[in-house]
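Engineer: After the sequence you'll find the predicted model.
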Amino acid sequence: MKTSIATVSISGDLREKLAAISAAGFDGVEIFENDFLAFDGSPREVGAMVRDHGLEITVFQPFRDFEGMPEPLRARTFDRVERKFDVMQELGTDLMLICSNVSTQSLGGIDRMAADFAELGERAAKRGLRVGYEALAWGRHVNDHRDAWEVVRRADHPAVGLVLDSFHTLARNIDVETIRAIPGDRISIVQLADAPRMDMDLLYWSRHFRNMPGEGDLPVTDFMCAVAATGYAGPLSLEIFNDQFRGGSPKSIAIDGHRSLVALMDQVKRSEPAMSIEVPDLPDRVAVKGVEFVEFAASDQEAEELAGLLAAMGFHEAARHRHKDVALFRQGGINIVVNTEKEGLAHASYVVHGANAYAIGLKVGDAAATVDRARALGATPFEQPGRPSDLAIPAIRGVGGGLIYFVDDASNLSRVWEIEFGVADATADGEAGLVAIDHVAQTMNYEEMLTWILFYVSIFRTRKLPMVDVVDPGGLVRSQVIESDDGALRLTLNGAENRKTLAGHFIAESFGSSVQHLAFASTDIFRTADALAARGFEALGISPNYYDDLEARLALEPEIVDRMRARNILYDRDEQGGEYFQLYSRNFGEGFFFEIVERRGGYTGYGAPNAPFRIAAQKRSIAPRNEAALMASPTAAGDDR
Ligand SMILES: O=C(O)c1ccc(O)c(O)c1
Ligand SMILES: [Mg+2]
């Protein structure tokens with residue numbers, strides 16, 4: 001498969017863009033005319049620079065307002081094209097993208113437009129060039145790929161082809177199955193983009209909110225399956241107009257782009273195995289069976305504090321590592337590892353971030369295959385030298401630099417606890433009723449959120465729920481759930497827009513640490529709350545106003561509300577009557593906390609309506625030192641502008 005990306009998709013000047021595009025592994029680049037016009041160098045120099053980066057120019061674009069013009073505009077338009085053909089020949093590319101006319105002066109008329117393209121095809125062919133016609137979703141007369149195809153078909157010239165762009169087709173909800181009847185060899189190039197679903201003017205949506213396939217809500221895979229069925233074998237080119245990407249890191253946006261194409265085509269190949277596009281073989285998306293463990297890096301003193309907090313939640317120290325300064329705490333089926341080694345990645349993570357949950361261990365079907373898939377998607381495998389007797393647990397670096405370990409039942413990895421700690425697997429009886437890890441919540445800067453989402457959904461068999469906005473007194477936090485169908489893996493990603501929010505404060509104070517909270521599942525949260533209180537656990541105090549509202553809003557029995565109020569338990573209910581109970585710990589370190597939840601009656605949410613009240617309570621509970629920084633500090637706000 002030939003991968004390509006438009007220069008508009010990433011930030012920087014042309015040179016920075018090309019360096020990032022090449023480093024990410026793309027084969028080609030669409031030269032967006034404005035990037036070329038803004039560059040201080042001749043077309044020949046640009047062409048040479050592209051090739052020096054090991055790239056080819058897949059297309060020069062866009063040429064606007066071409067077809068269906070009345071005279072004398074028509075003649076002027078043809079002159080204008082010839083000038084651009086000159087530029088293309090100097091650049092060293094043979095394909096020009098022409099997007100459908102938006103001019104109020106254009107006349108339309110399918111045969112008139114086809115005749116224009118037939119003449120243009122003649123002119124292009126004389127120079128060994130080609131043109132491709134793309135229907136913009138907001139084109140004046142042509143805004144649907146079916147009409148663009150009819151123009152191309154009637155133009156009937158070998159130098160005139162069709163350009164398909166997933167955004168334009170999907171944004172208008174055009175049936176992608178209509179693509180299957182188009183001959184693949186008449187398609188000049190395929191452009192790919194996803195986007196979040198938004199009710200918005202098409203042009204504005206397209207120019208500001210596109211994102212990489214898999215990052216948005218559009219059925220790009222269905223689109224691409226239909227394209228693959230045509231026999232098309234040309235370049236797959238990302239064309240992503242996105243305000244955030246324009247200001248982002250060229251390197252990481254380019255890496256995301258390449259990852260998105262590999263993941264997309266892997267899915268497409270599984271539905272359209274006979275397609276002409278050659279796609280590398282990689283293991284299928286990985287089904288996660290559960291969170292096997294979470295590992296903290298800490299100093300000796302913080303490890304003691306953490307051990308105290310874990311004990312108050314009913315955990316016991318089950319074992320110590322055979323030869324490392326690593327302790328295993330257990331309750332029910334939950335394994336919490338606390339690493340106080342003075343070398344290795346845990347220590348490095350501690351030095352950078354302070355005490356933090358730097359690693360998670362996931363149970364999968366095949367740990368080695370999981371790393372193979374992740375590596376094929378551009379993730380970095382991780383290996384730490386150890387003793388020969390140590391189990392080499394396959395791992396990759398997460399987006400934020402933490403680790404994701406993989407264990408399975410198909411290898412020695414099934415004996416990880418025995419080999420490393422000399423104990424059997426955890427059992428499901430919780431001393432305080434905690435049985436499993438319900439979800440892991442990670443926090444990142446909002447601008448990095450799409451990178452995290454793509455990382456998880458491309459490697460693991462997961463889905464995204466719609467993003468929700470959580471109001472923190474200091475600003476907005478965007479929350480995105482990524483979960484497997486069976487709930488075995490539940491991740492909540494929180495994107496902080498500024499440092500005044502609890503999430504933003506956590507990132508700033510922990511220098512970009514990621515896991516901000518861990519939620520444990522209880523089978524009876526009232527019993528758990530009482531057991532914890534008996535052990536000296538201090539729950540996060542929730543405002544009495546919250547409980548008055550709960551009673552009024554959900555018409556709950558006052559007696560139940562009183563039981564919750566007495567224990568600082570939050571409550572949510574879904575439309576099917578499923579219920580959710582939540583209890584929070586005080587903070588540990590720079591804003592890390594634990595949550596205890598109970599799901600009843602098939603509740604599948606995460607208590608989003610309660611988040612603002614929990615956050616407000618957390619801000620109140622923070623020591624005055626921090627409070628000053630968190631509450632209405634004009635300098636903190638100024639930092640983020
Ligand atoms: O927004 C535009 O004008 C524009 C230009 C060229 C394209 O290929 C496209 O998809 C959109
Ligand atoms: Mg396009």
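Structural biologist: Structure received. Ligands and ions are numbered 1, 2, ... in the order given.

Engineer: Do a quick rundown of the helices in the stretch 101-250 of the chain.
Structural biologist: 110-126, 145-155, 166-171, 202-208, 220-228, 243-246, 250-271 (DSSP state H, counting those that start in this stretch).

Engineer: Now the third one: average pLDDT?
Structural biologist: Same thing as helix 166-171. Here helix 166-171 scores 98 as its mean pLDDT.

Engineer: That helix: how far from the chain's middle?
Structural biologist: 20 Å (CA atoms, centre = their mean, to the nearest Å).

Engineer: Output the contacting helices and strands for it.
Structural biologist: Other elements packing on helix 166-171 under the criterion 3 or more CB pairs under 8 Å, 6 or more residues apart in numbering; DSSP states H and E are strand 187-192, helix 202-208, helix 220-228. Quick note: C-beta positions are derived from backbone N, CA and C, even for glycine.

Engineer: Columns mean neighbour count on top of the helices of the stretch 101-250 of the chain, output as TSV?
Structural biologist: Output for those, formatted as TSV (neighbours: other CB atoms under 10 Å):
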stretch	mean neighbour count
helix 110-126	19
helix 145-155	21
helix 166-171	25
helix 202-208	15
helix 220-228	24
helix 243-246	16
helix 250-271	22
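
Engineer: going on from the longest strand along the chain, what's the next piece of helix or strand?
Structural biologist: For the chain, the longest strand by residue count, based on DSSP state E, is strand 434-445. Counting by DSSP states H and E, the next helix or strand C-terminal to strand 434-445 is helix 449-459.

Engineer: what about that following helix, average pLDDT?
Structural biologist: 97.

Engineer: The residue in the chain positioned nearest to ligand 1 in helix, strand or coil?
Structural biologist: Across the chain, no residue is closer to ligand 1 than Pro62, which sits at 3.8 Å (CB to the nearest ligand atom). Secondary structure of Pro62, reduced to three states by DSSP: H, G, I helix; E, B strand; the rest coil: strand.

Engineer: so how many other residues sit close to the residue of the stretch 151-300 of the chain found nearest ligand 2?
Structural biologist: The minimum distance from the stretch 151-300 of the chain to ligand 2, using CB to the ion, falls at Asp165 (3.5 Å). If you count neighbours by other CB atoms under 10 Å, Asp165 ends up with 26.

Engineer: for it, which residues make a bridge with it?
Structural biologist: Gln191 (DSSP bridges).

Engineer: Which strands and helices lie in contact with the longest strand of the chain?
Structural biologist: strand 288-297, strand 334-339, strand 490-496, helix 502-509, strand 515-522, strand 593-600.

Engineer: tell me the mean pLDDT for the helix or strand following the longest one?
Structural biologist: Same thing as strand 288-297. Downstream of strand 288-297, the first helix or strand assigned by DSSP H and E is helix 300-312. Helix 300-312 carries an average pLDDT of 96.

Engineer: Go ahead and measure how far stretch 383-396 is from the middle of the chain.
Structural biologist: How far stretch 383-396 lies from its chain's middle: 29 Å, per CA atoms, centre = their mean.

Engineer: correction: stretch 274-293
Structural biologist: The mean C-alpha position of stretch 274-293 is separated from the chain mean by 17 Å, CA atoms, centre = their mean.

Engineer: May I have it as CSV, with CA atoms only?
Structural biologist: Only the C-alpha atoms of stretch 274-293 are listed here, as CSV (Å, rounded to 0.1, in the frame of the first residue of the first chain):
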residue,chain,number,x,y,z
ALA,A,274,-9.6,-9.9,-2.5
MET,A,275,-8.7,-6.2,-2.8
SER,A,276,-5.8,-5.1,-5.0
ILE,A,277,-4.1,-3.0,-2.3
GLU,A,278,-1.3,-4.9,-0.6
VAL,A,279,-1.5,-4.5,3.2
PRO,A,280,1.0,-5.9,5.7
ASP,A,281,-0.2,-8.9,7.8
LEU,A,282,-0.6,-8.1,11.4
PRO,A,283,-2.4,-9.8,14.3
ASP,A,284,-6.0,-8.8,14.7
ARG,A,285,-7.2,-6.2,17.2
VAL,A,286,-6.5,-7.5,20.6
ALA,A,287,-9.4,-8.5,22.9
VAL,A,288,-8.4,-7.6,26.5
LYS,A,289,-9.7,-10.0,29.2
GLY,A,290,-9.1,-7.7,32.1
VAL,A,291,-6.7,-5.5,34.0
GLU,A,292,-4.3,-8.0,35.7
PHE,A,293,-2.4,-5.4,37.7
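
Engineer: quick revisit: I figured the residue of the chain closest to ligand 1 hits Asn101, correct?
Structural biologist: No. Shown here, Pro62 and Asn101 do not form a contact pair, counting by CB atoms under 8 Å, at 11.4 Å.

Engineer: Between the two, which is the more surrounded one?
Structural biologist: Counted by other CB under 10 Å, Pro62 and Asn101 do not tie: Asn101 has more neighbours, with 24 against 21.

Engineer: which ones are touching the nearest residue to that one once chain neighbours are set aside?
Structural biologist: Excluding the flanking residues, the one nearest Asn101 by CB to CB, 6 or more residues apart in numbering is Asp65, at 4.9 Å. Asp65 sits next to 77, 101-103, 106 when contact means CB atoms under 8 Å, 6 or more residues apart in numbering.

Engineer: which parts of the longest strand of the chain are buried?
Structural biologist: Judged by neighbour count (16 or more other CB atoms under 10 Å), strand 434-445 contains these buried residues: 434-445.

Engineer: which two in the residues you listed are spaced the farthest apart?
Structural biologist: Greatest spatial distance among the buried residues of strand 434-445 (CB to CB): Val435 and Asn445, at 33.4 Å.

Engineer: For the residue nearest to Leu502 when sequence neighbours are not counted, the count of nearby residues, please.
Structural biologist: With CB to CB, 6+ apart as the criterion, Leu502 has its nearest non-adjacent residue at 5.2 Å, and that residue is Ile615. Ile615 is flanked by 19 other residues according to other CB under 10 Å.

Engineer: Would you agree Ile615 is in contact with Leu476?
Structural biologist: No. Using CB under 8 Å, Ile615 is not in contact with Leu476, being 11.3 Å away.

Engineer: for the residue nearest to Glu595 when sequence neighbours are not counted, what are its contacts?
Structural biologist: Once flanking residues are discounted, Glu595 sits nearest to Ala519: 4.0 Å by CB to CB, 6+ apart. Neighbour list for Ala519: 437-441, 594-597 [criterion: CB under 8 Å, 6+ apart].

Engineer: swap the cut-off to 6 Å and go again
Structural biologist: 438-439, 595, 597 (CB atoms under 6 Å, 6 or more residues apart in numbering).

Engineer: Report pLDDT for it.
Structural biologist: 98.

Engineer: ditto for Gln618
Structural biologist: On the pLDDT scale, Gln618 gets 90.

Engineer: so where does the closest residue to Ala369 other than its chain neighbours fall, helix or strand?
Structural biologist: Nearest in space to Ala369, with sequence neighbours left out and distances taken as CB to CB, 6+ apart, is Pro283 at 4.1 Å. Pro283 belongs to no helix or strand when assigned by DSSP H and E.

Engineer: got any ranges where the stretch 401-550 of the chain has weak pLDDT?
Structural biologist: Scanning the stretch 401-550 of the chain with the threshold set as pLDDT under 70 gives 428-430.

Engineer: what's the spacing between stretch 405-420 and its chain's center?
Structural biologist: So, by CA atoms, centre = their mean, the centroid of stretch 405-420 is 29 Å from its chain's centroid.
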